[in-house]
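J.: Mind looking at a prediction? Sequence and model below.
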Amino acid sequence: MAKKVKKRKEIKRKLLHKYRLVILNESTFEEKISFKLSRLNVFVTGSLFIVVLIGFTILLIAFTPLREYIPGYSSTQLKRQATELTFKTDSLVNVLNYTNRYLNNVRMVLRGDIENTQVNRDSLFEQFKLDPANVDLSPIREDSLLRAAVALEDKYNLFESNQETGTLVLFSPVSGAITQEYDPEKKHYAVDLVAPEGSPVKSVANGTVIFSEWTAETGYVIIIEHKDGLISAYKHNGSLSKGQGDLVKAGEVIASVGNTGEFTTGPHLHFELWSNGNPVNPTDYIDFK
């Protein structure tokens, strides 16, 4: 027992024994700096220094780009680039799909191709037609207010009022008589309207010009995309007033009546309407009288 106590005292004495660390001038042996140290102080100081160094290293790696050089860590820049490339790829796929649909619609309108032989000849009005027997026609307060508002509107402001209510109103593209009717059996998916050469051709509704070019068979052609999947095509024009990408309003002049293209038989407008990829009878939409 005494030996153990003596040994402990000896260890304690060694740990707490003071030493002096002196820094001397080599030439003059003049004392510059001196430190009083013990083994315990050196051990504690060294341990604290190691802990601080480890902590600082961990923080440096965790919050700086240095972690990218450690095996197992992925690069933040590479992650960002991969994410950006993913978004760009999705966008390009969407643009490609839209472009393919656009080109397919233009091809069908220009060549008169249809996806199936059963052409849907119902007009937009027929699609939304309701049976009056199943509708409550008794007036309500909102209906009375609407009637009062309509009564105060300008009687010539037909299109603007229908735009606010969401109803699509189509105008006649040109003033003239129909010389050839819509006849899907003969693959004539249009009505031909005779008019003096140079007469203005107008857009039947608001839309965006998706094609405005010269073709050998149908001369100057302009195609406009409207809402609800409706496309209008104007062929054999003498000149075009709008280019691809232009926004047009209903009744705005987009071309002039002409006699261009191999299939023309005189100054007239070859007018087509397409709904969701299928040709429809323009007379179901427009009163050409």
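T.: The structure has been received and is ready for your questions.

J.: For the longest helix seen in the chain, name the packing helices and strands.
T.: Ordering each helix of the chain by length in residues (DSSP state H) puts helix 76-111 first. Where contact means 3 or more Cβ pairs under 8 Å, 6 or more residues apart in numbering; DSSP states H and E, helix 76-111 is packed against strand 207-215, strand 219-225, strand 230-240, strand 268-275. In short, each C-beta sits where N, CA and C put it, glycine included.

J.: which residues of the protein fall in helices?
T.: So, for the chain - with DSSP H - the helices run 2-16, 39-62, 76-111, 124-127, 141-152, 158-165.

J.: closest to Lys202 out of those?
T.: When the helices of the chain are compared for distance to Lys202 using Cβ to Cβ, the nearest one is helix 158-165, at 11.6 Å.

J.: pretty sure His226 contacts Ala205?
T.: Yes: His226 sits in contact with Ala205 when judged by Cβ atoms under 8 Å, with a separation of 4.8 Å.

J.: With mean pLDDT, distance to Phe35 and mean neighbour count as extra columns, can I get the helices and strands packed on helix 76-111 in a markdown table?
T.: Putting the helices and strands packed on helix 76-111 into a markdown table (pLDDT from 0 to 100; distance: least, Cβ to Cβ, whole Å; neighbours: other Cβ atoms under 10 Å) gives the following:
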| stretch | mean pLDDT | distance to Phe35 | mean neighbour count |
| --- | --- | --- | --- |
| strand 207-215 | 92 | 85 | 18 |
| strand 219-225 | 94 | 88 | 22 |
| strand 230-240 | 94 | 92 | 22 |
| strand 268-275 | 93 | 95 | 23 |
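
J.: Take those strands and write them to CSV, including distance to Asp287.
T.: Formatted as CSV, the entries for these read as follows, by distance: least, Cβ to Cβ, whole Å:
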stretch, distance to Asp287
strand 207-215, 20
strand 219-225, 19
strand 230-240, 15
strand 268-275, 13
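
J.: Out of those, flag the one nearest Asp192.
T.: Among these, the nearest to Asp192 by Cβ to Cβ is strand 268-275 (5.2 Å).

J.: which stretches of this protein have low pLDDT?
T.: 1, 67-76, 112-139, 141-169, 289 (pLDDT under 70).

J.: repeat that for 50
T.: Counting by pLDDT under 50, the chain has low-confidence residues at 116-125, 127-128, 154-167.

J.: Domain-wise, how is it divided?
T.: As assigned by automatic domain parsing, the chain contains the domains 15-68, 117-289.

J.: So what's the gap between the shortest one and the chain middle?
T.: Same thing as domain 15-68. From the chain centre to the centre of domain 15-68 is a distance of 62 Å (Cα atoms, centre = their mean, to the nearest Å).

J.: Stretch 248-264 too?
T.: Centroid separation between stretch 248-264 and its chain, computed with Cα atoms, centre = their mean, is 31 Å.

J.: same thing with stretch 266-280?
T.: Average the C-alpha atoms of stretch 266-280, do the same for its chain, and the two points are 29 Å apart (Cα atoms, centre = their mean).

J.: start to end distance for it?
T.: End-to-end distance for stretch 266-280: 24 Å, by Cα to Cα, to the nearest Å.

J.: re the thing from before, out of the helices of the chain, the one nearest Ile210 is which?
T.: When the helices of the chain are ranked by proximity to Ile210, the top entry is helix 76-111, at 6.2 Å, counting by Cβ to Cβ.

J.: Next, the angle strand 207-215 makes with the longest helix of the chain.
T.: For helix 76-111 against strand 207-215, the angle by axes from the mean of the first three to the mean of the last three Cα atoms, to 10 degrees is 60 degrees.

J.: coming back round to it: take the helices of the chain and lay them out in a markdown table including mean neighbour count and distance to Val253.
T.: As requested, the helices of the chain are exported to a markdown table (neighbours: other Cβ atoms under 10 Å; distance: least, Cβ to Cβ, whole Å):
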| stretch | mean neighbour count | distance to Val253 |
| --- | --- | --- |
| helix 2-16 | 10 | 103 |
| helix 39-62 | 11 | 67 |
| helix 76-111 | 12 | 21 |
| helix 124-127 | 12 | 24 |
| helix 141-152 | 10 | 29 |
| helix 158-165 | 13 | 15 |
